[in-house]
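>>> need the 3D shape of this:
(one chain, ligands or ions: 1)
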Amino acid sequence: MYPTDQSAGARDKGIEELRAGIDEIDAEIVRLLDRRARLARKIGEFKRSNGLEAYVPSRERAVLDRVLRLGEGDFPRRGLEAVFREIISSSISLEERMRVAYLGPETTFTHEAALRAFGASVELEPEATVSDVFARVERGEAQHGVVPLENSMEGAVTHTLDELMNSPLKICGEVYLPIMQNLLSREDSLEGVRVVCSHPMALAQAAPWLRRNLPAARLQEVESTGEAARMAASRPGFAAVGSALAAESYGLKVLARGIQDSRANATRFIVLGRRWAGRTGRDKTSVVFSVKDRPGVLRDALSAFAEEGINLTRIESRPSRKRAWTYVFFADFQGHPEEERVRRALEALEEHCPYVVLIGAYPEARDPEAL
Ligand SMILES: O=C(O)C(=O)C[C@]1(C(=O)O)C=C[C@@H](O)C=C1
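So this is what the prediction gives:
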(Lines give C-alpha, C1' and ligand atoms only; values in the text may rest on other atoms or scores of the structure.)
Protein backbone atom coordinates (compact mmCIF):
# COMPACT_ATOMS: atom_id res chain seq x y z
CA MET A 1 0.00 0.00 0.00
CA TYR A 2 1.23 3.51 -0.79
CA PRO A 3 1.27 5.92 2.18
CA THR A 4 -1.27 8.73 1.83
CA ASP A 5 -0.37 12.33 2.65
CA GLN A 6 -1.83 11.85 6.16
CA SER A 7 -0.24 8.50 6.98
CA ALA A 8 3.28 9.56 6.06
CA GLY A 9 3.35 11.36 9.43
CA ALA A 10 6.82 11.97 10.78
CA ARG A 11 8.47 11.66 7.41
CA ASP A 12 6.21 14.45 6.07
CA LYS A 13 7.30 16.71 8.87
CA GLY A 14 10.91 16.22 7.83
CA ILE A 15 10.25 17.12 4.23
CA GLU A 16 8.05 20.08 5.16
CA GLU A 17 10.88 21.61 7.12
CA LEU A 18 13.24 21.20 4.16
CA ARG A 19 10.63 22.76 1.85
CA ALA A 20 10.21 25.70 4.22
CA GLY A 21 13.96 26.24 3.84
CA ILE A 22 13.61 26.22 0.05
CA ASP A 23 10.65 28.67 0.21
CA GLU A 24 12.73 31.08 2.23
CA ILE A 25 15.64 30.87 -0.21
CA ASP A 26 13.33 31.29 -3.22
CA ALA A 27 11.93 34.48 -1.69
CA GLU A 28 15.47 35.76 -1.23
CA ILE A 29 16.43 34.83 -4.80
CA VAL A 30 13.42 36.74 -6.15
CA ARG A 31 14.30 39.79 -4.02
CA LEU A 32 17.87 39.69 -5.32
CA LEU A 33 16.70 39.24 -8.91
CA ASP A 34 14.52 42.33 -8.50
CA ARG A 35 17.53 44.29 -7.27
CA ARG A 36 19.57 43.05 -10.23
CA ALA A 37 16.74 44.00 -12.60
CA ARG A 38 16.67 47.57 -11.25
CA LEU A 39 20.41 47.90 -11.90
CA ALA A 40 19.96 46.52 -15.44
CA ARG A 41 17.25 49.15 -16.09
CA LYS A 42 19.67 51.87 -15.00
CA ILE A 43 22.38 50.44 -17.25
CA GLY A 44 19.79 50.49 -20.05
CA GLU A 45 19.13 54.21 -19.46
CA PHE A 46 22.87 54.94 -19.46
CA LYS A 47 23.31 53.02 -22.71
CA ARG A 48 20.40 54.80 -24.38
CA SER A 49 21.75 58.25 -23.55
CA ASN A 50 25.26 57.27 -24.70
CA GLY A 51 24.30 55.45 -27.91
CA LEU A 52 25.51 52.06 -26.63
CA GLU A 53 24.04 48.68 -27.52
CA ALA A 54 22.05 46.60 -25.03
CA TYR A 55 23.71 43.32 -25.97
CA VAL A 56 27.35 43.27 -24.84
CA PRO A 57 28.79 39.78 -25.50
CA SER A 58 32.14 40.57 -23.82
CA ARG A 59 30.44 41.60 -20.58
CA GLU A 60 28.16 38.55 -20.71
CA ARG A 61 31.22 36.36 -21.02
CA ALA A 62 32.78 38.05 -17.99
CA VAL A 63 29.57 37.64 -15.95
CA LEU A 64 29.23 33.95 -16.85
CA ASP A 65 32.92 33.20 -16.26
CA ARG A 66 32.78 34.85 -12.86
CA VAL A 67 29.60 33.04 -11.87
CA LEU A 68 31.08 29.69 -12.94
CA ARG A 69 34.20 30.43 -10.91
CA LEU A 70 32.09 31.26 -7.86
CA GLY A 71 29.95 28.18 -8.34
CA GLU A 72 32.25 25.53 -6.99
CA GLY A 73 29.59 24.22 -4.59
CA ASP A 74 26.66 21.83 -4.98
CA PHE A 75 24.73 23.55 -7.75
CA PRO A 76 25.58 21.94 -11.14
CA ARG A 77 27.69 24.20 -13.40
CA ARG A 78 25.49 23.58 -16.44
CA GLY A 79 22.50 24.64 -14.35
CA LEU A 80 24.29 27.82 -13.26
CA GLU A 81 25.05 28.74 -16.82
CA ALA A 82 21.45 28.09 -17.93
CA VAL A 83 20.00 30.08 -15.02
CA PHE A 84 22.30 33.04 -15.66
CA ARG A 85 21.65 32.87 -19.41
CA GLU A 86 17.99 33.54 -18.61
CA ILE A 87 18.73 36.18 -15.97
CA ILE A 88 20.84 38.10 -18.51
CA SER A 89 18.16 37.57 -21.16
CA SER A 90 15.64 39.20 -18.81
CA SER A 91 18.04 42.12 -18.23
CA ILE A 92 18.34 42.69 -21.97
CA SER A 93 14.56 42.76 -22.32
CA LEU A 94 14.38 45.36 -19.54
CA GLU A 95 16.99 47.51 -21.25
CA GLU A 96 15.31 47.59 -24.64
CA ARG A 97 12.87 45.77 -26.90
CA MET A 98 15.37 43.31 -28.35
CA ARG A 99 14.47 41.65 -31.64
CA VAL A 100 16.65 38.86 -32.97
CA ALA A 101 16.05 37.51 -36.48
CA TYR A 102 17.11 33.93 -37.13
CA LEU A 103 16.97 31.41 -39.96
CA GLY A 104 13.63 29.76 -39.24
CA PRO A 105 11.16 28.28 -39.11
CA GLU A 106 10.68 27.70 -35.41
CA THR A 107 12.20 24.58 -33.82
CA THR A 108 15.15 24.38 -36.24
CA PHE A 109 18.68 24.12 -34.87
CA THR A 110 19.21 27.82 -35.61
CA HIS A 111 16.27 28.55 -33.30
CA GLU A 112 18.02 26.52 -30.61
CA ALA A 113 21.27 28.43 -31.26
CA ALA A 114 19.44 31.77 -30.94
CA LEU A 115 17.99 30.62 -27.61
CA ARG A 116 21.49 29.67 -26.47
CA ALA A 117 22.86 33.08 -27.39
CA PHE A 118 20.04 35.32 -26.18
CA GLY A 119 17.79 33.28 -23.85
CA ALA A 120 14.01 33.16 -23.95
CA SER A 121 13.15 36.74 -22.92
CA VAL A 122 14.04 38.47 -26.19
CA GLU A 123 11.81 38.47 -29.28
CA LEU A 124 13.08 35.75 -31.60
CA GLU A 125 11.80 36.24 -35.14
CA PRO A 126 12.08 33.42 -37.72
CA GLU A 127 13.03 34.36 -41.30
CA ALA A 128 12.71 32.24 -44.44
CA THR A 129 16.28 32.60 -45.74
CA VAL A 130 19.77 33.58 -44.63
CA SER A 131 19.60 36.73 -46.75
CA ASP A 132 16.28 37.72 -45.10
CA VAL A 133 18.04 37.54 -41.72
CA PHE A 134 20.82 39.83 -42.98
CA ALA A 135 18.28 42.20 -44.57
CA ARG A 136 16.21 42.52 -41.37
CA VAL A 137 19.26 43.45 -39.33
CA GLU A 138 20.67 45.73 -42.02
CA ARG A 139 17.36 47.62 -42.16
CA GLY A 140 17.38 47.96 -38.37
CA GLU A 141 14.18 45.94 -37.94
CA ALA A 142 16.10 43.57 -35.67
CA GLN A 143 19.19 44.46 -33.64
CA HIS A 144 20.80 41.06 -34.15
CA GLY A 145 20.61 37.97 -36.33
CA VAL A 146 21.58 34.31 -35.94
CA VAL A 147 22.54 32.13 -38.93
CA PRO A 148 24.46 28.85 -39.39
CA LEU A 149 28.05 29.24 -40.63
CA GLU A 150 29.49 25.73 -40.87
CA ASN A 151 28.89 22.12 -40.01
CA SER A 152 31.67 19.85 -38.81
CA MET A 153 30.79 17.23 -41.43
CA GLU A 154 29.25 19.13 -44.31
CA GLY A 155 31.46 22.23 -44.24
CA ALA A 156 30.51 25.84 -44.88
CA VAL A 157 27.03 27.24 -45.31
CA THR A 158 27.83 29.05 -48.54
CA HIS A 159 24.80 31.39 -48.42
CA THR A 160 26.12 32.78 -45.16
CA LEU A 161 29.66 33.30 -46.50
CA ASP A 162 28.31 35.08 -49.58
CA GLU A 163 26.18 37.41 -47.47
CA LEU A 164 29.08 38.15 -45.10
CA MET A 165 31.17 39.22 -48.07
CA ASN A 166 28.74 41.96 -49.07
CA SER A 167 27.11 43.02 -45.83
CA PRO A 168 28.11 45.86 -43.50
CA LEU A 169 27.11 43.64 -40.56
CA LYS A 170 29.71 42.15 -38.24
CA ILE A 171 29.97 38.85 -36.38
CA CYS A 172 29.69 39.56 -32.65
CA GLY A 173 29.14 36.06 -31.30
CA GLU A 174 29.42 32.34 -32.05
CA VAL A 175 27.51 29.31 -30.79
CA TYR A 176 28.42 25.65 -31.25
CA LEU A 177 25.57 23.16 -31.10
CA PRO A 178 26.03 19.42 -31.16
CA ILE A 179 23.54 18.30 -33.79
CA MET A 180 21.30 15.37 -32.90
CA GLN A 181 19.24 14.28 -35.89
CA ASN A 182 16.14 12.20 -35.35
CA LEU A 183 13.59 10.52 -37.59
CA LEU A 184 10.19 12.10 -36.91
CA SER A 185 6.85 10.93 -38.24
CA ARG A 186 3.14 10.45 -37.65
CA GLU A 187 3.66 6.80 -38.57
CA ASP A 188 4.05 4.25 -35.79
CA SER A 189 7.03 2.46 -37.27
CA LEU A 190 9.64 2.56 -40.06
CA GLU A 191 7.46 0.25 -42.20
CA GLY A 192 4.99 3.07 -42.78
CA VAL A 193 7.62 5.57 -44.02
CA ARG A 194 7.75 6.09 -47.82
CA VAL A 195 9.25 9.58 -48.05
CA VAL A 196 11.92 11.20 -45.89
CA CYS A 197 12.23 14.97 -46.20
CA SER A 198 14.61 17.52 -44.70
CA HIS A 199 17.15 20.25 -45.34
CA PRO A 200 19.87 18.92 -47.68
CA MET A 201 22.50 19.12 -44.91
CA ALA A 202 20.34 17.13 -42.48
CA LEU A 203 19.67 14.50 -45.16
CA ALA A 204 23.40 14.28 -45.86
CA GLN A 205 24.17 13.89 -42.14
CA ALA A 206 21.67 11.03 -41.86
CA ALA A 207 22.44 9.45 -45.26
CA PRO A 208 24.25 6.27 -44.08
CA TRP A 209 21.55 5.53 -41.49
CA LEU A 210 18.80 6.12 -44.05
CA ARG A 211 20.51 3.86 -46.61
CA ARG A 212 20.77 1.08 -44.04
CA ASN A 213 17.37 1.39 -42.44
CA LEU A 214 15.07 2.84 -45.11
CA PRO A 215 16.66 1.83 -48.43
CA ALA A 216 13.38 2.07 -50.33
CA ALA A 217 12.29 5.50 -49.06
CA ARG A 218 12.34 8.49 -51.42
CA LEU A 219 14.42 11.43 -50.13
CA GLN A 220 12.99 14.91 -50.62
CA GLU A 221 14.95 18.13 -50.00
CA VAL A 222 13.07 21.01 -48.41
CA GLU A 223 14.07 24.49 -47.16
CA SER A 224 14.60 23.58 -43.48
CA THR A 225 14.26 20.86 -40.85
CA GLY A 226 11.29 22.79 -39.40
CA GLU A 227 9.51 22.79 -42.77
CA ALA A 228 10.22 19.05 -43.03
CA ALA A 229 8.60 18.45 -39.62
CA ARG A 230 5.55 20.45 -40.72
CA MET A 231 5.23 18.28 -43.85
CA ALA A 232 5.67 15.06 -41.87
CA ALA A 233 2.89 16.19 -39.54
CA SER A 234 0.43 16.73 -42.38
CA ARG A 235 1.20 13.86 -44.80
CA PRO A 236 0.79 10.14 -44.15
CA GLY A 237 3.83 8.06 -45.09
CA PHE A 238 6.19 11.04 -44.59
CA ALA A 239 9.03 11.33 -42.09
CA ALA A 240 11.34 14.26 -41.36
CA VAL A 241 14.96 14.35 -40.27
CA GLY A 242 15.07 16.98 -37.53
CA SER A 243 15.36 18.01 -33.90
CA ALA A 244 13.57 16.64 -30.86
CA LEU A 245 12.24 20.21 -30.37
CA ALA A 246 10.45 19.89 -33.74
CA ALA A 247 8.91 16.54 -32.75
CA GLU A 248 7.49 18.15 -29.65
CA SER A 249 5.98 21.16 -31.34
CA TYR A 250 4.49 19.27 -34.32
CA GLY A 251 3.27 16.31 -32.24
CA LEU A 252 5.43 13.79 -34.11
CA LYS A 253 6.75 10.45 -32.91
CA VAL A 254 10.50 10.02 -32.69
CA LEU A 255 10.97 6.77 -34.63
CA ALA A 256 14.77 6.81 -34.22
CA ARG A 257 17.16 9.01 -32.25
CA GLY A 258 20.68 10.15 -33.02
CA ILE A 259 20.65 9.04 -36.67
CA GLN A 260 23.42 11.48 -37.70
CA ASP A 261 26.55 9.94 -39.14
CA SER A 262 29.06 10.88 -36.48
CA ARG A 263 28.89 11.60 -32.79
CA ALA A 264 31.18 14.58 -33.38
CA ASN A 265 28.60 16.31 -35.59
CA ALA A 266 28.27 19.95 -34.57
CA THR A 267 27.16 23.15 -36.24
CA ARG A 268 28.68 26.53 -35.66
CA PHE A 269 26.31 29.50 -35.72
CA ILE A 270 27.15 33.20 -35.73
CA VAL A 271 25.48 36.18 -34.10
CA LEU A 272 25.30 39.24 -36.36
CA GLY A 273 25.21 42.84 -35.25
CA ARG A 274 26.29 46.33 -36.29
CA ARG A 275 29.59 46.12 -34.37
CA TRP A 276 31.97 43.42 -33.39
CA ALA A 277 32.36 42.51 -29.72
CA GLY A 278 34.85 43.96 -27.24
CA ARG A 279 37.91 42.08 -26.06
CA THR A 280 37.59 39.39 -23.37
CA GLY A 281 41.03 37.74 -23.49
CA ARG A 282 39.63 34.59 -25.16
CA ASP A 283 38.41 35.86 -28.51
CA LYS A 284 38.20 34.99 -32.16
CA THR A 285 38.44 37.32 -35.15
CA SER A 286 37.13 36.74 -38.68
CA VAL A 287 38.50 38.35 -41.83
CA VAL A 288 37.79 38.10 -45.52
CA PHE A 289 40.54 38.91 -48.02
CA SER A 290 41.62 38.47 -51.62
CA VAL A 291 45.20 37.98 -52.78
CA LYS A 292 47.19 39.16 -55.78
CA ASP A 293 47.77 36.66 -58.57
CA ARG A 294 51.36 35.44 -58.00
CA PRO A 295 53.06 32.32 -56.68
CA GLY A 296 53.39 32.01 -52.90
CA VAL A 297 51.16 34.96 -52.17
CA LEU A 298 48.86 33.10 -49.77
CA ARG A 299 51.84 31.81 -47.80
CA ASP A 300 53.31 35.32 -47.62
CA ALA A 301 49.98 36.83 -46.61
CA LEU A 302 49.54 34.38 -43.76
CA SER A 303 53.14 34.21 -42.58
CA ALA A 304 52.64 37.17 -40.22
CA PHE A 305 50.08 35.13 -38.29
CA ALA A 306 52.62 32.37 -37.76
CA GLU A 307 55.31 34.88 -36.78
CA GLU A 308 53.02 36.49 -34.21
CA GLY A 309 52.02 33.07 -32.83
CA ILE A 310 48.40 33.55 -33.81
CA ASN A 311 46.42 30.35 -34.29
CA LEU A 312 44.34 30.21 -37.49
CA THR A 313 41.26 28.10 -36.73
CA ARG A 314 39.72 28.07 -40.22
CA ILE A 315 40.54 29.13 -43.74
CA GLU A 316 38.19 28.73 -46.64
CA SER A 317 37.98 30.01 -50.19
CA ARG A 318 34.89 31.11 -52.14
CA PRO A 319 34.44 32.43 -55.66
CA SER A 320 34.61 36.22 -55.50
CA ARG A 321 31.45 36.48 -57.64
CA LYS A 322 32.94 39.64 -59.12
CA ARG A 323 35.12 38.05 -61.82
CA ALA A 324 35.29 34.42 -62.99
CA TRP A 325 38.05 32.31 -61.39
CA THR A 326 38.91 34.87 -58.75
CA TYR A 327 38.58 33.96 -55.11
CA VAL A 328 38.23 35.43 -51.68
CA PHE A 329 39.42 33.76 -48.48
CA PHE A 330 37.63 33.60 -45.15
CA ALA A 331 39.89 33.14 -42.15
CA ASP A 332 39.18 32.86 -38.42
CA PHE A 333 41.89 33.12 -35.81
CA GLN A 334 42.25 33.28 -32.04
CA GLY A 335 42.80 36.83 -30.82
CA HIS A 336 41.14 40.25 -30.90
CA PRO A 337 41.87 43.27 -33.16
CA GLU A 338 42.65 45.34 -30.04
CA GLU A 339 45.68 43.12 -29.35
CA GLU A 340 48.98 44.51 -30.56
CA ARG A 341 50.13 41.24 -32.20
CA VAL A 342 46.79 40.93 -34.05
CA ARG A 343 47.06 44.52 -35.25
CA ARG A 344 50.55 43.80 -36.62
CA ALA A 345 49.40 40.60 -38.37
CA LEU A 346 46.46 42.42 -39.97
CA GLU A 347 48.75 45.19 -41.19
CA ALA A 348 51.02 42.60 -42.79
CA LEU A 349 47.98 40.94 -44.38
CA GLU A 350 46.99 44.29 -45.88
CA GLU A 351 50.41 44.64 -47.47
CA HIS A 352 49.90 41.46 -49.50
CA CYS A 353 46.19 41.72 -50.20
CA PRO A 354 44.29 44.22 -52.33
CA TYR A 355 41.20 43.62 -50.22
CA VAL A 356 40.97 42.88 -46.48
CA VAL A 357 37.81 43.33 -44.42
CA LEU A 358 37.45 42.53 -40.75
CA ILE A 359 34.07 40.88 -40.57
CA GLY A 360 33.90 40.16 -36.85
CA ALA A 361 35.44 39.71 -33.43
CA TYR A 362 33.72 37.84 -30.64
CA PRO A 363 34.25 35.80 -27.46
CA GLU A 364 35.40 32.30 -28.38
CA ALA A 365 32.61 29.83 -27.63
CA ARG A 366 33.23 27.63 -24.64
CA ASP A 367 33.34 23.91 -25.39
CA PRO A 368 29.97 22.72 -24.00
CA GLU A 369 31.59 19.38 -23.06
CA ALA A 370 33.99 21.22 -20.73
CA LEU A 371 31.21 22.39 -18.41
O1 LIG B 1 26.54 45.06 -18.18
C2 LIG B 1 25.75 45.39 -19.04
O3 LIG B 1 26.07 46.09 -20.02
C4 LIG B 1 24.35 44.96 -18.94
O5 LIG B 1 23.53 45.40 -19.72
C6 LIG B 1 23.95 43.91 -17.96
C7 LIG B 1 23.95 42.53 -18.57
C8 LIG B 1 23.68 41.54 -17.37
O9 LIG B 1 22.51 41.25 -17.13
O10 LIG B 1 24.63 41.17 -16.72
C11 LIG B 1 22.88 42.42 -19.57
C12 LIG B 1 23.10 42.50 -20.94
C13 LIG B 1 24.43 42.63 -21.52
O14 LIG B 1 24.55 41.91 -22.71
C15 LIG B 1 25.48 42.32 -20.55
C16 LIG B 1 25.26 42.23 -19.20
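>>> got the residue ranges for the strands in the stretch 251-371 of the chain?
253-256, 266-273, 283-290, 312-319, 327-334, 355-363 (DSSP state E, counting those that start in this stretch).
>>> how many other residues sit next to the residue in the stretch 1-150 of the chain that the ligand sits nearest to?
With CB to the nearest ligand atom, the shortest gap between the stretch 1-150 of the chain and the ligand falls at Ser91, namely 3.2 Å. All C-beta spots, glycine's among them, are computed from the backbone N, C-alpha and C. As a burial measure, Ser91 scores 22 neighbours (other CB atoms under 10 Å).
>>> which helix or strand contains the closest residue to it other than its chain neighbours?
Nearest residue to Ser91 in three dimensions, chain neighbours excluded: Ala40, at 3.6 Å (CB to CB, 6 or more residues apart in numbering). Counting by DSSP states H and E, the element that carries Ala40 is helix 10-49.
>>> that helix - contacts with which helices or strands?
Where contact means 3 or more CB pairs under 8 Å, 6 or more residues apart in numbering; DSSP states H and E, helix 10-49 is packed against helix 77-95.
>>> beyond the helix it packs on, next helix or strand please.
Next along the chain after helix 77-95, taking DSSP H and E as the criterion, comes strand 99-103.
>>> now for that following strand, which elements pack on it?
helix 109-118, strand 123-127, helix 130-138, strand 144-151.
>>> can you lay out those as JSON lines showing distance to the ligand?
As requested, the helices and strands packed on strand 99-103 are exported to JSON lines (distance: least, CB to the nearest ligand atom, whole Å):
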{"stretch": "helix 109-118", "distance to the ligand": "9"}
{"stretch": "strand 123-127", "distance to the ligand": "15"}
{"stretch": "helix 130-138", "distance to the ligand": "17"}
{"stretch": "strand 144-151", "distance to the ligand": "11"}
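>>> now render these as a markdown table, adding mean neighbour count.
Putting the helices and strands packed on strand 99-103 into a markdown table (neighbours: other CB atoms under 10 Å) gives the following:
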| stretch | mean neighbour count |
| --- | --- |
| helix 109-118 | 24 |
| strand 123-127 | 18 |
| helix 130-138 | 21 |
| strand 144-151 | 25 |
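>>> tabulate those (JSON lines), appending mean pLDDT and distance to Gly79.
Shown next, in JSON lines, are the helices and strands packed on strand 99-103 (pLDDT from 0 to 100; distance: least, CB to CB, whole Å):
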{"stretch": "helix 109-118", "mean pLDDT": "94", "distance to Gly79": "15"}
{"stretch": "strand 123-127", "mean pLDDT": "97", "distance to Gly79": "22"}
{"stretch": "helix 130-138", "mean pLDDT": "98", "distance to Gly79": "31"}
{"stretch": "strand 144-151", "mean pLDDT": "96", "distance to Gly79": "24"}
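>>> can you tell which of the ones you listed is closest to Pro363?
Among those, helix 109-118 comes nearest to Pro363, with 10.9 Å by CB to CB.
>>> the closest one to strand 99-103, inter-axis angle?
Angle of helix 109-118 versus strand 99-103, following axes from the mean of the first three to the mean of the last three CA atoms, to 10 degrees, is 150 degrees.
>>> next, the angle strand 266-273 makes with helix 109-118.
Going by the same axes, to 10 degrees, helix 109-118 makes 60 degrees with strand 266-273.
>>> how close does Gly14 get to Asp26?
For Gly14, the distance to Asp26 (CB to CB, to the nearest Å) stands at 19 Å.
>>> then Ala301?
For Ala301, the distance to Asp26 - CB to CB - is 57 Å.
>>> who has more neighbours, those two?
Ala301 (22 against 10).
>>> so what's the residue nearest to the more buried one when sequence neighbours are not counted up against?
Spatial nearest neighbour of Ala301, excluding adjacent residues (CB to CB, 6+ apart): His352 at 4.0 Å. Residues in contact with His352 (CB atoms under 8 Å, 6 or more residues apart in numbering) are Val291, Lys292, Val297, Asp300, Ala301.
>>> circling back to that earlier point, turn the strands of the stretch 251-371 of the chain into CSV, columns for mean neighbour count and distance to Ala228.
Formatted as CSV, the strands of the stretch 251-371 of the chain follow (neighbours: other CB atoms under 10 Å; distance: least, CB to CB, whole Å):
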stretch, mean neighbour count, distance to Ala228
strand 253-256, 17, 14
strand 266-273, 24, 16
strand 283-290, 22, 30
strand 312-319, 14, 27
strand 327-334, 19, 29
strand 355-363, 21, 30
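>>> can I get these in CSV with distance to Ala246 and mean pLDDT?
Listed next are the strands of the stretch 251-371 of the chain as CSV, based on distance: least, CB to CB, whole Å; pLDDT from 0 to 100:
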stretch, distance to Ala246, mean pLDDT
strand 253-256, 10, 96
strand 266-273, 15, 96
strand 283-290, 30, 96
strand 312-319, 29, 93
strand 327-334, 30, 95
strand 355-363, 28, 96
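>>> out of the ones you listed, the one nearest Ala202 is which?
Distance to Ala202, taken as CB to CB, is lowest for strand 266-273 among these, at 10.2 Å.
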